[in-house]
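Colleague: prediction below, plus the sequence it came from.
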Amino acid sequence: MKQNDSSSCGNFCTIEKKIQNVCSVFGLPGTFEKYEVVVNGNINSTYKVTYILPSGDFKNYIVQKVNMYVFKKPRQIMNNIDLITTHIKEKKEAEGIKDTRHYMHFYHTKCGGKRKNFFVDTDHTFWRVSRYIENSKTYNECDNLFVLEETGRAFGLFQNELADFDASKLYETIPYFHNTKKRMEDFFRHVKEDSCDRVDSVAEEIAYIASVRERASELTDMLTNGELPLRVTHNDTKINNVLFDMDKENALVVIDLDTVMPGLVAHDFGDAVRFCANTTAEDEKDVSRVSFSLEKYEAFARGFISEVRDTLTENEVKTLALGALTMTLELAERFLDDYITGDNYFKTNYPGHNLVRTRCQIALAKDIEKKFDKMQDIAERIYRGEK
Ligand code: GN1
Ligand code: MG
């Protein structure tokens, strides 16, 4: 195998050959042993790759194929990731944290011209390689309140670590990502276009989105009016974007840094509870099982607010529950938008998967609306340090 940037493995290679080729460009020491698909996330394709070192020991890596339909400028993402991971690593080292599982590391290509933290294959596939965090696990659904509090702490800490990071250095990797107002405008344009002839079949869901359009735009309006501070946020705070210690249930590190951009604290808080306080998976088919658990919400909020209490403004605290509702409505709109435009954005496992996700998010949003005042009270009580 060639060991330089011009190494190639075109359309006709098996995925194993492609992965081996990528690993050789990154100069991973030893010999390739095996790869397995990691099922996590709706966007990128992720593989765990095992090498045998010259010493005979095994070493694992994460190899990822970046979804270029979603990320139009992946080089900008890798630039952001370089800056963010370096910033966090320096902080952890300054704090004397020795366990390298607490921060991410992306490898650089070994040969050829400028060393880069990505590789573009001859078929234009965009690849990257990062350290595999050993002895870790992820959760997709979780009833353990300690784990949920840890999740909150992990995302709160992540935001703290980037609080002194100059946001102007970051590219906006997906413009208007959580601008729900703009998303709604695009959605209703797509409804008019009806390019896949699916609009008639989802009239009820579209009517619901129309009925909540104003409510879903409130956070965007508050940001535009200067009522809320812009921070560096993660923007994709699903519980499965946190790695936990395999044995102790403690959160280790926040992963999936592709959407780290300037944003609102309510987006991070809201998207996290949208996902982890749902009593079902985000694509539950039986919507009668879907509800928003105040107990899970409170556990997450305790962890999150304990980390960001000193920086949160009172106005921001008041928007946390609204963040949960907004993000749930945004995802209902995004899944439905993908459904009516032909399922090009999110990975789907079966026809109609995006519609199932939409219905689940609508059911969740309706339950959040019922519990909204309680959610607001819980967040304010925790912020004030009351039991
Ligand atoms: C995507 O890749 P993943 O699964 O962590 C999406 C999020 C959605 C989420 C819904 C870049 O996240 O915004 O909330 O699916 N990421 C991107 O499950 O669009
Ligand atoms: Mg992810």
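Modeller: Looks like it arrived, so ask away. As the structure is a prediction and not an experimental result, all values here were calculated from the model. Ligands and ions are numbered 1, 2, ... in the order given.
Colleague: in which helix or strand does residue 362 reside?
Modeller: When elements are assigned from DSSP states H and E, residue 362 belongs to helix 353-383.
Colleague: got the buried residues for that helix?
Modeller: 353-368, 371, 375-376, 378-380, 382-383 (16 or more other CB atoms under 10 Å). (Glycine included, C-beta is placed from N, CA and C.)
Colleague: show me where pLDDT drops low in the stretch 101-250 of the chain?
Modeller: Across the stretch 101-250 of the chain, the ranges flagged by pLDDT under 70 are 112.
Colleague: so which residues of it form strands?
Modeller: 119-120, 126-131, 136-137, 231-233, 242-245 (DSSP state E, counting those that start in this stretch).
Colleague: any idea which of those is most buried?
Modeller: strand 231-233 (a mean of 23; mean count of other CB atoms under 10 Å).
Colleague: partners of that strand in the sheet?
Modeller: strand 261-263 (antiparallel) (DSSP bridges).
Colleague: write out the residues of the chain neighbouring ligand 2.
Modeller: 41, 241, 256 (CB under 5 Å from the ion).
Colleague: count of residues packed around residue 47?
Modeller: 20 (other CB atoms under 10 Å).
Colleague: if we can go back for a sec, now the strands of the stretch 101-250 of the chain as a markdown table including distance to residue 307?
Modeller: Formatted as a markdown table, the strands of the stretch 101-250 of the chain follow (distance: least, CB to CB, whole Å):
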| stretch | distance to residue 307 |
| --- | --- |
| strand 119-120 | 35 |
| strand 126-131 | 24 |
| strand 136-137 | 20 |
| strand 231-233 | 13 |
| strand 242-245 | 13 |
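Colleague: chain neighbours aside, what residue packs nearest to residue 230?
Modeller: Among residues not flanking residue 230 along the chain, residue 262 sits closest, at 4.8 Å (CB to CB, 6 or more residues apart in numbering).
Colleague: ok, that neighbour touching residue 171?
Modeller: No: contact criterion CB atoms under 8 Å: residue 262 and residue 171 do not qualify, at 10.5 Å.
Colleague: now the closest residue in space to residue 125 that isn't next to it in sequence. Its backbone dihedrals?
Modeller: Spatial nearest neighbour of residue 125, excluding adjacent residues (CB to CB, 6+ apart): residue 65 at 5.8 Å. Dihedral angles of residue 65 (phi, psi; degrees, to the nearest 10) stand at phi -100, psi 120.
Colleague: who does residue 65 bridge with?
Modeller: The partner residues for residue 65, given DSSP bridges, come to residue 45, residue 127.
Colleague: burial count for it?
Modeller: 18.
Colleague: list the contacts of residue 107.
Modeller: Residue 107 makes contact with 26, 28, 61, 117, 129, 130, 131 under the criterion CB atoms under 8 Å, 6 or more residues apart in numbering.
Colleague: mind pulling up the pLDDT for whatever residue of the stretch 1-150 of the chain ends up closest to ligand 2?
Modeller: At 3.4 Å from ligand 2, residue 41 is the closest residue in the stretch 1-150 of the chain, using CB to the ion. Residue 41 carries a pLDDT value of 89.
Colleague: let's have the chain start at 59 instead
Modeller: Yep, numbering from 59; the last one is residue 99 now.
Colleague: quick one: contacts for it?
Modeller: 298, 299, 314.
Colleague: does it sit in a helix, a strand or a coil?
Modeller: Following DSSP: H, G, I helix; E, B strand; the rest coil, residue 99 is assigned to coil.
Colleague: then residue 146?
Modeller: Residue 146 - assigned by three-state DSSP - is helix.
Colleague: how near is it to ligand 1?
Modeller: 19 Å (CB to the nearest ligand atom, to the nearest Å).
Colleague: any idea how far that residue lies from residue 163?
Modeller: 10 Å (CB to CB, to the nearest Å).
Colleague: right, and the secondary structure at the residue lying farthest from the centre of the chain would be what?
Modeller: What lies farthest from the middle of the chain is residue 113; by CA atoms, centre = their mean that is 36.4 Å. Following three-state DSSP, the label given to residue 113 is coil.
Colleague: tell me the pLDDT at it?
Modeller: So residue 113 comes in at 92 (pLDDT).
Colleague: kindly report the same for residue 445.
Modeller: 76.
Colleague: so what's the residue count around it?
Modeller: 4.
Colleague: for the residue nearest the centre of the chain, phi and psi?
Modeller: In the chain, the residue lying closest to the centroid (CA atoms, centre = their mean) is residue 294, at 2.8 Å. The phi/psi pair for residue 294 (degrees, to the nearest 10) reads phi -150, psi 70.
Colleague: and the residue nearest to it when sequence neighbours are not counted, what pLDDT?
Modeller: Leaving aside its sequence neighbours, residue 294 sits nearest to residue 317 (CB to CB, 6+ apart; 4.8 Å). Looking at residue 317, its pLDDT stands at 97.
Colleague: pretty sure residue 317 contacts residue 296?
Modeller: No: the pair residue 317 / residue 296 is not scored as a contact, 11.1 Å apart, by CB under 8 Å.
Colleague: sort out which residues of stretch 144-156 are buried, please.
Modeller: 145, 146, 147, 149, 150.
Colleague: ok, stretch 382-402 next?
Modeller: By 16+ other CB under 10 Å, the buried positions in stretch 382-402 come out as 382-399, 401.
Colleague: now swap in stretch 94-110 and tell me
Modeller: 96, 99, 100, 101, 102, 103, 104, 105, 107, 109.
Colleague: just the endpoints, please. Distance across it?
Modeller: The first residue of stretch 94-110 is 15 Å away from its last residue (CA to CA, to the nearest Å).
Colleague: from the contact counts, what lies against the helix holding residue 420?
Modeller: Packing contacts for helix 411-441, counted by 3 or more CB pairs under 8 Å, 6 or more residues apart in numbering; DSSP states H and E, involve helix 261-269, helix 352-366, helix 372-376, helix 378-398.
Colleague: pull the shortest one out as CSV, backbone CA atoms only.
Modeller: Meaning helix 372-376. Extracted C-alpha coordinates of helix 372-376, given in CSV (Å, rounded to 0.1, in the frame of the first residue of the first chain):
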residue,chain,number,x,y,z
GLU,A,372,-31.4,34.9,34.8
ASN,A,373,-32.9,35.4,31.3
GLU,A,374,-31.1,32.2,30.1
VAL,A,375,-32.5,30.2,33.0
LYS,A,376,-35.9,31.3,32.0
